[in-house]
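A.B. asks: Quick one: sequence and predicted model below, then my questions.
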Amino acid sequence: MSHVVVVGSGPIGSAFAKKLHDLNPNVTITMFEVGPAATKPLGRHVRTLDSDAEMIEAQKLCQGPHAGEAQDASKMHTGVVTARPGTFLVDEKPDSHMPATAMSANVGGMGAHWTCACPRFGAGEIPEFIDRAEYDSDLSEAWAMLKVTQSAFENFPMGKQLREILGAKYNVGRTPDRHVQPMPLAVEVRDDRAWWTGTDVIISSMADSPRFKIVSETLVTEVLHNGSKATGVVAKKALRRQFVTVLAALLRHRAEAGADLNALDGVDAHHCIGNVGIQPVIHRIAPPHRHTARHYGDFSAHGVA
């Protein structure tokens with residue numbers, strides 16, 4: 001059994017984990033995410049929650065250093081550089097070269113907040129070094145994974161009229177696939193509700209798999225390696241304002257060692273880490289406590305995402 005670490009639970013990390021899980025039945029995957037589990041199921045899009053109040057509370061949890069703060073979305077339309085609710089600005093310095101760059105910190109990453117718009121590039125928009133057939137194949141696979149459709153709102157009031165007006169101007173000289181058409185959206189309409197695709201949709205088929213585990217509120221700070229092979233990762237986990245430093249070596253160790261690693265999620269730092277079967281090494285850097293747990297094994301460098 002091989003064990004792979006995926007750092008980050010956003011759309012890219014989740015898609016990589018799903019592909020790996022589906023293609024190789026002998027792989028166990030542990031996914032580390034720096035942010036909290038803000039929605040249930042994990043990675044659910046905030047716009048599918050049952051009320052605006054629930055959505056706002058979930059968004060507050062995702063804002064990293066500004067978690068818990070209310071974000072005024074109306075400021076975005078007044079020329080003020082600010083983060084959208086559920087995100088935080090990466091660089092808030094006045095002289096930042098990319099002042100509006102934002103991210104979220106939560107299980108599902110930006111996949112829990114995105115607009116779900118999935119347009120395809122036109123022929124002139126695809127770089128020459130990208131094989132067009134490969135691009136089309138990969139995008140079709142991505143559309144299927146995200147449940148992209150163009151028919152969810154095709155009967156929306158005035159939609160047809162707008163497409164006809166725009167089409168009269170812009171369809172001339174274009175091939176049918178480039179005519180004005182409904183925006184491809186990652187969404188399902190069920191029970192008279194729009195279920196926007198979150199990262200939960202990507203990982204749904206393996207969410208209950210014994211070979212897949214998400215460890216939230218854990219920051220991976222370093223990949224350990226020995227020459228051409230990685231031997232583990234260093235991660236800091238927040239537990240009641242304390243930190244557990246996990247040195248997790250992750251390939252070709254025993255299956256029960258993988259279970260031990262997964263048991264770290266939710267461990268109370270006041271209890272002996274040995275209780276979950278991991279050899280503890282006390283490493284006192286700063287009060288109140290810091291513990292180090294170690295696993296060893298072969299971990300190929302290409303297995304790190």
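C.D. replies: Alright, I've got the coordinates.
A.B. asks: residue contacts, Leu139?
C.D. replies: Neighbouring residues of Leu139 by CB atoms under 8 Å, 6 or more residues apart in numbering: Arg120. Where C-beta positions appear, they are placed from N, C-alpha and C, glycine not excepted.
A.B. asks: Give me the buried positions along the helix or strand where it lies.
C.D. replies: Using DSSP states H and E, Leu139 sits within helix 132-146. Judged by neighbour count (16 or more other CB atoms under 10 Å), helix 132-146 contains these buried residues: 143, 145-146.
A.B. asks: Reformat those into TSV and put distance to Thr175 and pLDDT next to each item.
C.D. replies: As requested, these are arranged in TSV below (distance: CB to CB, whole Å; pLDDT from 0 to 100):
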residue	distance to Thr175	pLDDT
Trp143	19	95
Met145	26	94
Leu146	25	96
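A.B. asks: Show me which of the residues you listed is closest to Val6.
C.D. replies: Met145 (15.9 Å; CB to CB).
A.B. asks: what secondary structure does the spatially closest residue to the closest one that is not a sequence neighbour sit in?
C.D. replies: Nearest non-adjacent residue to Met145, counting by CB to CB, 6 or more residues apart in numbering: Ile202, 6.0 Å away. Secondary structure for Ile202, judged by DSSP: H, G, I helix; E, B strand; the rest coil, is helix.
A.B. asks: Report how many residues lie close to Ile202.
C.D. replies: When neighbours are defined as other CB atoms under 10 Å, Ile202 has 28 of them.
A.B. asks: Make sure it is actually in contact with Gly109.
C.D. replies: No - counting by CB atoms under 8 Å, Gly109 is not a contact partner of Ile202; they are 10.8 Å apart.
A.B. asks: Overlap in contacts, these two.
C.D. replies: Here Ile202 and Gly109 have Pro11 as joint contacts, going by CB under 8 Å, 6+ apart.
A.B. asks: tell me the pLDDT at Thr218?
C.D. replies: Looking at Thr218, its pLDDT is 89.
A.B. asks: phi, psi of it?
C.D. replies: Reported as degrees, to the nearest 10, the phi and psi values for Thr218 are phi -140, psi 120.
A.B. asks: beta partners for it?
C.D. replies: When bridges are called by DSSP bridges, Thr218 pairs up with Lys237.
A.B. asks: and it, how many neighbours?
C.D. replies: Thr218 is flanked by 24 other residues according to other CB under 10 Å.
A.B. asks: What separation is there between it and Val27?
C.D. replies: Counting by CB to CB, to the nearest Å, the gap between Thr218 and Val27 amounts to 20 Å.
A.B. asks: Next: Pro127.
C.D. replies: 32 Å.
A.B. asks: which of these two has more neighbours?
C.D. replies: Neighbour count, other CB under 10 Å: between Pro127 and Val27, Val27 has more, with 18 against 7.
A.B. asks: can you pull out the helices in the stretch 151-300 of the chain?
C.D. replies: Counting by DSSP state H, counting those that start in this stretch, residue ranges of the helices within the stretch 151-300 of the chain are 159-170, 199-203, 255-262.
A.B. asks: ok, of those helices, where does mean pLDDT dip lowest?
C.D. replies: Lowest mean pLDDT of the helices of the stretch 151-300 of the chain: helix 255-262, a mean of 40.
A.B. asks: Pull the distance from the helix holding Leu139 to the chain's centre.
C.D. replies: Here the centre of helix 132-146 is set off from its chain's centre by 19 Å, with CA atoms, centre = their mean, to the nearest Å.
A.B. asks: Please name the strands paired to the helix or strand just after it in the sheet, noting orientation.
C.D. replies: Per DSSP H and E, the first helix or strand lying C-terminal to helix 132-146 is strand 148-149. The pairing partners recorded for strand 148-149 under DSSP bridges are strand 185-190 (antiparallel).
A.B. asks: Secondary structure of Met31: a strand, I assume?
C.D. replies: Yes - membership of Met31 in a strand is supported by three-state DSSP.
A.B. asks: Count the residues that sit near it.
C.D. replies: Counted by other CB under 10 Å, the residues lying close to Met31 total 24.
A.B. asks: Going by neighbour count, which residues in stretch 151-159 are buried?
C.D. replies: Ala152.
A.B. asks: confidence score at Arg132?
C.D. replies: Per-residue pLDDT puts Arg132 at 88.
A.B. asks: Give the full set of residues in contact with it.
C.D. replies: Arg132 sits in contact with 123, 126, where contact means CB under 8 Å, 6+ apart.
A.B. asks: The stretch 1-150 of the chain: helices as residue ranges?
C.D. replies: Secondary structure of the stretch 1-150 of the chain (DSSP H, counting those that start in this stretch): helices at 11-23, 52-61, 132-146.
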